[in-house]
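# heads up, no residue letters with this:
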């Protein structure tokens with residue numbers, strides 16, 4: 001992947017975001033400027049000399065044979081045995097046996113002879129990034145009066161390294177794998193697979209599937225379909241939602257969740273007005289930079305804050321779960337150079353707009369959004385200096401997947417086709433003079449691509465994006481990821497195939513795919529087969545304890561931000577400590593969604609400590625139910641009290657062995673008499689229940 005070309009994360013704090021503003025009034029990297037970023041950060045990598053240079057995962061590739069000790073890309077990270085190395089500092093290769101430099105030639109007819117002579121001196125082929133090209137269309141264009149269309153579909157080798165050989169599929173080379181697969185291929189992954197459902201069938205409705213499905217896997221969770229449904233479709237069951245499903249029934253509750261626009265906003269969502277940057281457009285964010293800085297407002301971090309608030313307090317829970325899913329699948333990090341201006345708009349106009357709609361529409365919108373164009377360096381790509389980052393990730397991560405059948409040649413042709421897309425004045429713009437013109441063929445998509453007219457060329461690129469979004473490999477890849485999210489770390493092939501068929505039949509619309517998922521017996525048979533990731537554990541803890549969005553009486557905040565805004569920032573900081581927060585991964589592959597990626601004792605203990613903080617009411621920006629009030633009418637014996645508290649917090653009783661361990665924390669026997677405070681140990685008892693497997697599983 002293109003990890004190494006993702007702008008680095010920079011230290012963040014609450015002082016605002018003046019440290020990495022762009023010098024250009026457009027609010028993005030000016031391709032024609034070498035001025036450094038404000039705040040002392042390095043200038044963007046300058047473009048190479050004219051000609052079809054390639055900008056790959058390691059930056060500009062030097063011409064000629066690879067040097068010893070180089071590094072190749074494997075799964076986005078440098079590996080020994082490269083076909084090329086990145087020049088020091090990431091700058092283009094020095095002058096040498098590469099493309100001829102013809103900048104000093106004018107466009108008048110007499111000079112064309114000199115150009116031909118220079119090209120002849122370079123031979124019939126030229127070298128770009130260590131790869132041989134026939135005399136390129138761009139170079140031929142220098143010798144004629146008008147643009148000459150090329151043909152990128154020939155058999156000439158365009159690139160190749162030991163890790164990514166040209167013309168071969170990544171799935172056959174197997175030098176890097178899809179992220180979740182990389183974890184599940186281990187011995188521990190094989191053990192988990194043995195306890196997963198192996199097959200199933202489709203029923204007429206979710207309720208029918210739930211009623212007919214027998215849970216046979218080993219699990220500590222209660223085999224309660226309502227609890228199971230809410231564990232997977234929300235960020236944590238609550239007593240209120242359990243009651244709603246029981247009242248409405250599984251089918252009607254799901255039907256309502258699939259129409260989130262009809263669900264009223266909660267108090268927590270209404271308080272998002274406390275985050276001033278959310279309602280501002282990218283242009284307004286840029287224009288009001290100084291005022292926002294003075295108020296301590298960081299727009300990128302407020303986007304994350306708002307997502308956390310919705311996860312905890314929104315009643316549109318399935319929608320928020322799908323927003324999180326797409327934020328990992330079509331991932332753009334919040335912390336990138338440009339995220340402060342564009343990430344909130346990407347959240348609103350791409351992810352949230354299409355989360356339950358059409359994935360092809362989402363992918364087309366993403367590929368025209370400044371956030372993605374900046375994040376994956378598409379703004380730096382032009383016909384004479386082609387950056388492959390976005391083209392690669394469109395195939396490897398955002399559509400067909402690493403096993404989807406594409407080759408390096410497909411990546412390069414896609415990169416050539418997508419040239420011209422950029423950002424100007426804070427908005428998407430197509431630059432005709434940067435667009436490669438010439439025939440392309442990518443995974444069966446063929447087009448003459450013979451115009452650089454913005455309207456025509458833009459539609460061609462959109463057609464290609466829709467083509468890969470509806471490719472059979474994309475259907476399977478989306479299905480695999482959805483099944484991994486909602487069923488198990490090793491979902492049965494039967495449900496993956498069923499979801500892929502639903503995706504294809506419904507032309508990438510997601511609601512019918514989810515309806516198929518919830519009407520499948522594999523979903524209902526998978527009780528206890530998913531473990532909450534650190535962020536999910538923390539959010540579920542807030543929900544389980546009934547933490548409210550209002551501040552405790554007498555708490556005023558820091559005078560610049562409201563208590564609610566300040567409290568959300570503290571939650572985000574805690575999530576950063578735990579290693580996962582919304583839009584948090586700096587690389588474009590998003591967070592892994594399998595248990596083996598998150599097996600850390602330290603993270604678990606840190607999560608338990610946060611549960612203790614909440615039980616003590618230490619984050620005074622919010623309100624709490626006192627531990628002794630969690631159970632309305634607490635029993636007077638210790639064993640019965642633990643049962644009642646477990647039902648309140650994890651929606652089921654604990655096993656006899658687990659209950660014994662909880663009682664040991666309080667130092668009492670099962671039949672001992674206790675008061676509402678559990679004889680002073682109620683916070684410790686509640687915290688121990690929240691550390692149980694029942695709270696860690698979803």
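Nice, I can see it. Source: prediction; values computed, not measured.

# which residues does the closest residue to residue 501 other than its chain neighbours contact?
When the adjacent residues along the chain are set aside, residue 501 lies closest to residue 475, with 7.6 Å between them (Cβ to Cβ, 6 or more residues apart in numbering). For the C-beta atoms, the positions are set from N, CA and C on the backbone; glycine is no exception. Residue 475 sits next to 500, 501, 503, 504, 508 when contact means Cβ atoms under 8 Å, 6 or more residues apart in numbering.

# give the contact list for residue 253.
Taking Cβ under 8 Å, 6+ apart as the definition of contact, the neighbours of residue 253 are 229, 244, 245.

# right, I mislabeled it, should have said residue 371
The neighbours of residue 371, taking Cβ under 8 Å, 6+ apart as the test, are 332, 338, 339, 342, 343, 345, 346, 350.

# ok, back up a step: from the contacts of residue 253, which is closest to residue 482?
The shortest gap between residue 482 and any of those belongs to residue 229, at 15.6 Å (Cβ to Cβ).

# dump the residue contacts of that closest one.
For residue 229, the contact set (Cβ under 8 Å, 6+ apart) comprises 206, 210, 245, 250, 253, 254, 518.

# how about residue 398?
Residue 398 makes contact with 329, 330, 363, 366, according to Cβ under 8 Å, 6+ apart.

# just the pLDDT at the third one, thanks.
According to the prediction, residue 363 has pLDDT 98.

# I'd say it and residue 330 touch.
Yes: the pair residue 363 and residue 330 qualifies as a contact (Cβ atoms under 8 Å) at a distance of 7.0 Å.

# surely residue 428 is in a strand?
Yes: the assignment for residue 428 by DSSP: H, G, I helix; E, B strand; the rest coil puts it in a strand.

# run a quick neighbour tally on it.
A count of neighbours around residue 428, defined by other Cβ atoms under 10 Å, yields 16.

# who does it bridge with?
Taking DSSP bridges as the rule, residue 428 bridges to residue 423.

# follow-up on the earlier one: chain center to the helix or strand harbouring the residue nearest to residue 501: distance?
In the assignment (DSSP states H and E), residue 475 maps to helix 472-486. The chain centre lies 15 Å from the centre of helix 472-486; the measure is Cα atoms, centre = their mean, to the nearest Å.

# same question for stretch 528-546.
Taking Cα atoms, centre = their mean, one finds the center of stretch 528-546 at 19 Å from the center of the full chain.

# before we move on, what about stretch 320-337?
Offset of stretch 320-337 from its chain centre (Cα atoms, centre = their mean): 3 Å.

# show me what counts as buried in that stretch.
Counting neighbours by 16 or more other Cβ atoms under 10 Å, one finds that the buried residues in stretch 320-337 are 320-337.

# got it, and stretch 590-605?
By neighbour count, and taking 16+ other Cβ under 10 Å as the criterion, the buried residues in stretch 590-605 are 590, 591, 592, 593, 594, 595, 596, 597, 598, 603, 604.

# how about stretch 541-561?
Under 16+ other Cβ under 10 Å, the buried positions of stretch 541-561 are 541, 542, 543, 544, 545, 546, 547, 548, 549, 551, 557, 561.

# before we move on, back to that, can you put the contacts of residue 371 in TSV and add pLDDT, distance to residue 408 and secondary structure?
Putting the contacts of residue 371 into TSV (pLDDT from 0 to 100; distance: Cβ to Cβ, whole Å; DSSP: H, G, I helix; E, B strand; the rest coil) gives the following:
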residue	pLDDT	distance to residue 408	secondary structure
332	97	24	coil
338	92	28	coil
339	93	30	helix
342	97	30	helix
343	97	30	helix
345	97	33	helix
346	98	28	helix
350	98	28	helix
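
# just the buried residues of those residues.
Among those, those buried by neighbour count (16+ other Cβ under 10 Å) are 332, 338, 339, 342, 343, 345, 346, 350.

# how many neighbours does residue 235 have?
Residue 235 has 27 neighbouring residues, counting by other Cβ under 10 Å.

# how about the contacts made by it?
Residue 235 sits next to 311, 312, 317, 320, 321, 536, 539, 540, 543 when contact means Cβ under 8 Å, 6+ apart.

# got those as CSV, with pLDDT, secondary structure and distance to residue 485 columns?
As requested, the contacts of residue 235 are arranged in CSV below (pLDDT from 0 to 100; DSSP: H, G, I helix; E, B strand; the rest coil; distance: Cβ to Cβ, whole Å):
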residue, pLDDT, secondary structure, distance to residue 485
311, 98, helix, 15
312, 98, helix, 19
317, 98, helix, 14
320, 98, helix, 13
321, 98, helix, 8
536, 97, helix, 11
539, 98, helix, 15
540, 98, helix, 15
543, 98, helix, 19
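
# now, which of those residues sits nearest residue 642?
residue 540 (19.7 Å).

# any low-confidence regions in the chain?
Scanning the chain with the threshold set as pLDDT under 70 gives 1-197.

# now the strands for it?
Counting by DSSP state E, the chain has strands at residues 53-56, 59-60, 71-74, 77-80, 125-128, 131-134, 150-151, 385-387, 421-424, 427-430, 438-442, 445-447.

# how near is the closest residue to residue 415 other than its chain neighbours to residue 397?
Ranked by Cβ to Cβ, 6+ apart and with sequence neighbours excluded, the top spatial neighbour of residue 415 is residue 391, at 3.7 Å. For residue 391, the distance to residue 397 equals 11 Å [Cβ to Cβ, to the nearest Å].
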